[in-house]
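Colleague: I would like the atomic coordinates for the input below:
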Amino acid sequence: MEALAAPNDETARQQVLDALELVMTPAEASLDRITALAQEMFEVPTALVSLVSNDVQWFKSTQDTLLSETSREVSFCGHAILDDETLVVTDASSDPRFADNPLVTSDPNIRFYAGEPIQRDGHKLGTLCILDDRPRTFSRAQQESLRSLARWVESEIRVISMRERERDLENQLVEARRASMVDALTQTWNRRGFVDMVARETERTHRDNLPSGLMLVDVGHFKELNDSRGHLAGDEALRVIAQRIRSAVRPADILGRYGGDEFVVYLAGCEPYQLDEIAERVLGRVVGEPLLRGPSYTGRVTIGCAPLDAGGSFSMEAMAASADEALYVAKQA
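Modeller: Okay, the predicted model is just below:
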């Protein structure tokens with residue numbers, strides 16, 4: 001079997017192929033339509049869109065073969081991308097380049113091959129090819145038809161690439177938006193993120209007729225901590241407090257940092273008695289042991305709770321005001 005040479009632009013060609021992220025990805029319906037048409041037009045058993053990567057030939061679309069890939073070393077398409085013209089092999093068994101190729105000497109017993117290079121940015125990425133297990137000729141007119149279908153494949157790959165880039169951009173925007181909703185210090189939702197998440201959750205609680213509750217957690221003497229031990233110590237205290245609140249509430253509860261030294265928790269499906277129990281648990285976890293090493297700082301935590309009965313109309317502002325009022329009463333006590 002003749003050794004397979006690499007194209008002169010192999011490095012740049014592979015970079016373009018890698019950027020498209022099409023190798024080792026599922027088949028595309030738009031390309032399947034083209035290979036099905038090629039199969040019918042040329043009356044062959046097999047038609048493929050093949051992408052020739054570093055050491056593998058990946059079939060992005062196939063008709064009448066169970067293979068999804070072969071090694072590049074034995075690929076016919078690896079030869080096809082070395083030239084600008086359609087590669088036509090009328091009888092592979094008598095062609096010195098392919099006569100002892102395992103794809104010729106055993107299943108699928110290739111005899112006829114025609115492959116038109118598929119290009120992107122001036123680089124040949126693979127081919128649109130057709131195969132038969134019997135020798136046959138391939139006229140100039142047929143080559144032109146195959147070439148036209150290959151240009152169609154190139155157009156579809158551009159569309160697929162644009163679609164993937166749009167999807168990546170959307171994901172980046174979602175990630176950026178989500179990042180803007182998280183408090184970096186405490187790894188809780190910030191105020192904007194909390195309101196957004198609660199708005200979604202309350203739709204479910206209202207639909208399912210569930211009770212819910214809001215809990216405001218105020219950290220006392222926080223200014224004194226910052227003044228006496230510095231803002232880094234204050235930051236560490238807030239981080240630990242957030243961690244302890246998170247360990248005390250339920251996994252599905254929504255925790256946010258509502259202000260500089262104030263946290264808020266939304267508890268869906270929470271009866272009033274449960275709200276009190278969870279508030280007591282939060283108190284115990286937060287002040288149960290010192291928050292910082294060194295000079296003792298256990299902190300002073302006050303919690304205000306506002307329950308919402310099942311079926312009640314929800315208003316974030318009204319519920320927060322109710323919890324804030326409860327917080328004020330608790331501080332006075």
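
Colleague: in this structure, which spans are helices?
Modeller: Assigned by DSSP state H, the chain shows helices spanning 10-20, 29-42, 77-80, 102-105, 140-179, 191-207, 222-229, 231-248, 272-287, 316-332.

Colleague: for this structure, which residue is closest to the average position?
Modeller: Centroid check for the chain by C-alpha atoms, centre = their mean gives Asn171 as the closest residue, at 6.8 Å.

Colleague: got the helices of the chain as CSV, with distance to Val88 and mean pLDDT columns?
Modeller: (Each C-beta comes from the backbone N, C-alpha and C, glycine too.) As requested, these are exported to CSV (distance: least, C-beta to C-beta, whole Å; pLDDT from 0 to 100):
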stretch, distance to Val88, mean pLDDT
helix 10-20, 22, 92
helix 29-42, 12, 95
helix 77-80, 10, 94
helix 102-105, 15, 94
helix 140-179, 7, 88
helix 191-207, 60, 84
helix 222-229, 79, 77
helix 231-248, 67, 88
helix 272-287, 75, 91
helix 316-332, 70, 73
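
Colleague: Need the winner for burial among those.
Modeller: Stretch with highest mean neighbour count among those: helix 77-80 (a mean of 23; mean count of other C-beta atoms under 10 Å).

Colleague: Hmm, Leu149 and Leu37 touching each other?
Modeller: Yes - the pair Leu37 and Leu149 passes the contact test of C-beta atoms under 8 Å, sitting 6.9 Å apart.

Colleague: Need the helices of the chain in a markdown table (columns: distance to Pro96).
Modeller: Listed next are the helices of the chain as a markdown table, based on distance: least, C-beta to C-beta, whole Å:
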| stretch | distance to Pro96 |
| --- | --- |
| helix 10-20 | 24 |
| helix 29-42 | 25 |
| helix 77-80 | 12 |
| helix 102-105 | 12 |
| helix 140-179 | 22 |
| helix 191-207 | 67 |
| helix 222-229 | 83 |
| helix 231-248 | 71 |
| helix 272-287 | 78 |
| helix 316-332 | 78 |
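
Colleague: Go through these and name the closest to Phe263.
Modeller: Nearest to Phe263, of all the helices of the chain, is helix 231-248, at 5.9 Å by C-beta to C-beta.
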